[in-house]
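Okay, sequence plus prediction incoming.
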Amino acid sequence: MLELKNIKKDYYVAGKPVPALKGINLVFKDQEFVSILGPSGCGKTTMLNLIGGLDRYTSGDLLIDGKSTRDYKDQDWDAYRNATIGFVFQTYNLISHLSVLDNVEMALRLSGVEPKERKERATKALVDVGLQDHLTKRPNQLSGGQMQRVAIARALVNNPKILLADEPTGALDSKTSDQIMKLMKEIAKDRLVIMVTHNKDIADEFSDRVVNLLDGLVIDDSNPSENNDGKDVVGKLVNKKTSMPYLTALSTSFKNLLTKKGRTLITALAGSIGIIGIALVLSVSSGMTAYVDELQSDTLAGFPLTIEQYYVDFAEVGQERLSEEGYFPEGEDIVGYDPQSDFITHANIITDDFITYLEDLDETTYNSISYTSSMHLNIAAEGTKDNDELLEDDFYSQLPNNEEFILSQYDVIKGDLATSMNEVVIVVDAKNRLDFDFMEALGLSIDGSYTFDDLIGLELKVFPNNLYYSESGGIYSGNNNISSIYDDSDAMTLTVSGIIRVNEDASTDLVASGIAYTEALTDYMLEDSMDSDVVAAQLLSPTVSIVSGYNIYEVLLAIGGTDVPASIQIYPVSFDAKEEIKDYIDAYNETVDETYAIYATDLAAIISTSISSLISTITIILSAFAGISLVVSSIMIGIITYVSVVERTKEIGIMRSLGARKKDISRIFNAETVLIGFTSGLLGVIITLVLIIPINLILANLLDVSGFAQLMWSSAIGLIVLSTFLTLIAGLIPSRIAARKDPVTALRTE
Ligand code: ADP
Ligand code: MG
């Protein structure tokens, strides 16, 4: 039972109240067919909207089952509309991009009916109004009468107690009108139907009661009901709270988006640009990081930690700038200085203690430790023999004692790597060149043409101290008649076993062009020299060098009189192991005086640290750009959502008239932005994966690496989530605007 008590409605035009209803008093029974008649502008629609809870009265009261609605909140009206009211409009108000069936289902979606039941009930409602053959059609494929039948089916599908119809036949021809009216009369058999019309004949013919309105007042009522304050209530009006589940909102939005595929795709594409940017930056930078890591572990990890006589802190070198204080002084004083002091250096004093300490280093952390002696080997070759000279020390050096490491830096281009102390290799440069002087030393002609084969098998000699040095008047000197000792049985023969050449991956030339011998030879010669006469004599003379050509500081090292190495190379097994070794050496430094502290040089770290910091700088800059484009594309999605809100104002009005709460509307729009955000994230990831293919091809050419740029799964998922989240945020304001739209105004817009 419905009762209007002195209902007034003012519209505000330019801030001033304009009355549309001036005090309506009406009582409706639970079952009757009432026609509201009156000229245009007299307030019929206004009254119907108030009864349907679509609009709010200014004063008076609307009693539902005798209960006041003065304290109704928005959600009470929404529930009332959804459960109790069915609306039919003159202009049908169907949602044009949904099928006939979906239009009818919409009312059920809003009240949270399960999909299966939804379809059954909607189909039945459409069959009831005679539209069984048109379920999948779009509204614009139907005639006016058929569209109105859809609207009626939609209004009835929730089985409302009250059907409100605003000039339902106003746009129809008389024959169709008649059919619709017969349907209305049928419907009115078990509910209250209030129909607005300005056709008096129709009102008289079909309805039980005709109410005449004029200028916002009731001027005539053919069959007024008693105001009995709900005493004759047949069935109570129950306001079941409506709710649209999230999933339904999502599927509703999905349907919406599917009807506008092109536009959705363009929006998602626009949104994906930022994601593509970030995804590309991520995949390239992770490729770079992986590349550097690989470089570190594959190539650079093989680089030894070296303990040289002097440690130079490369990180400190070259940091000063000419603009700094202390440069360009004012005075005229000359300043004397030691150029060495410009470098922050430390003299590593390698002691027996340290070597003993190093012997306890965890063996799993290194491939090998190599001790380099600074003993001068007395080497001669065919060419130098004739000049009675030794081989210049520029032309020989010791191979690192780690074969794996050598092979990572050098290719054996002919023969075999020297492995025993009697073998040496010849090192050619990257152009297969040999120094003219070296060629002559080997006894080759600088005009001659030679192949690798001509070098293999060449022989050189090493002279032990006792063979090479001779004493005269307490002073030892080297033999200057090399040819006389060259074929001596005490001279050791070295045979060229192979030729090695620095390879493309090598970072530095570790071994200079010339010959390179094994550590075994050094060890052997060192042991031999310890027992030699010259060393014994020198050990007896601690303050003066007794060997011509050497001063007291270098003499013992040069003639092999000490087994303390001049330098140490530690070859770590991995990058992490190298850190462990450094820690181990640091621990040693804790136990000794600073003077005896040992600082190892890590060439690999110097190279890779500068690369890593360059990469992270580039990554940050690129990410900033990509971030900006992400923000821009999010704003764009916000704008597009807003445009879509404006565009779908009418649809929002229709949904509200079907009982959608504000929440449902914002849910639908939020679901839509979530779907768009998800799609653009997905699209962004897919496009990135496609773009990575040519990028990797280009990088493969430039850097000689394959699969450089890689998008990690975690990044891909993270980006899709980010995109979804950002577009949801961007869509929040437009979706609130949509939810707040006044349903009556929304319905009026075209
Ligand atoms: P009817 O349906 O009987 O033709 P309405 O109920 O639509 O009449 O309108 C009643 C009166 O209220 C009219 O004078 C109309 O101009 C005015 N009116 C309706 N809606 C609004 C509105 N949103 N703002 C201002 N005036 C309005
Ligand atoms: Mg009207």
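In hand now; what should we look at? Ligands and ions are numbered 1, 2, ... in the order given.

how about low-confidence regions in the stretch 151-300 of the chain?
Along the stretch 151-300 of the chain, the parts satisfying pLDDT under 70 run over 227-242, 295-300.

quick one: the strands in it?
162-166, 192-197, 209-214, 217-221 (DSSP state E, counting those that start in this stretch).

how about the ones you listed, which one is nearest Asp333?
strand 162-166 (103.6 Å; CB to CB). C-beta: built from backbone N, CA, C; applies to glycine.

That closest one near ligand 1 anywhere?
No - judged by CB under 6 Å from any ligand atom, strand 162-166 stays clear of ligand 1, getting no closer than 7.3 Å.

Tell me which residue lies farthest from the centre of the chain.
Within the chain, Gly473 marks the point farthest from the mean C-alpha position, 80.2 Å out by CA atoms, centre = their mean.

Doesn't Asn25 lie inside a strand?
Yes - under DSSP: H, G, I helix; E, B strand; the rest coil, Asn25 falls within a strand.

my guess is it contacts Asn6, does it?
Yes - with contact defined as CB atoms under 8 Å, Asn25 reaches Asn6; the gap is 6.0 Å.

ok, back up a step: what's the closest of the strands of the stretch 151-300 of the chain to Ser616?
That would be, of the strands of the stretch 151-300 of the chain and by CB to CB, strand 162-166, which comes in at 66.8 Å.

The closest one: how far from the chain's middle?
54 Å (CA atoms, centre = their mean, to the nearest Å).

cool, stretch 558-569 as well?
54 Å.

Could you tell me what pLDDT the model assigned to Gly627?
At Gly627, the model reports a pLDDT of 82.

For it, which three-state class applies?
At Gly627 the chain is in helix, as set by three-state DSSP.

quick one: the closest residue to it other than its chain neighbours and ligand 1, what's the gap?
Nearest residue to Gly627, sequence neighbours excluded (CB to CB, 6 or more residues apart in numbering): Ile278, at 7.0 Å. Using CB to the nearest ligand atom, to the nearest Å, we find Ile278 at a distance of 47 Å from ligand 1.

pretty sure Ile278 is in contact with Ile628, am I right?
No - using CB under 8 Å, Ile278 is not in contact with Ile628; the gap is 10.4 Å.

These two - which one has more neighbours?
Ile278 (24 against 12; other CB atoms under 10 Å).

if I look at Leu503, how far off is Pro304?
In this structure residue 503 is Asn, not Leu. Using CB to CB, to the nearest Å, we find Asn503 at a distance of 17 Å from Pro304.

Tell me which of those two has more neighbours.
Using other CB under 10 Å as the criterion, Asn503 and Pro304 rank with Pro304 on top: 27 against 13.

any idea what Phe87 is structurally, helix, strand or coil?
Reduced to three states by three-state DSSP, Phe87 is strand.

For it, list the residues it contacts.
The neighbours of Phe87, taking CB atoms under 8 Å, 6 or more residues apart in numbering as the test, are Gly52, Leu54, Asn93, Ala155, Leu164, Ala165, Asp166, Ser657, Leu658.

In TSV, list these along with neighbour count.
Shown next, in TSV, are these (neighbours: other CB atoms under 10 Å):
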residue	neighbour count
Gly52	24
Leu54	22
Asn93	21
Ala155	25
Leu164	27
Ala165	26
Asp166	22
Ser657	28
Leu658	29
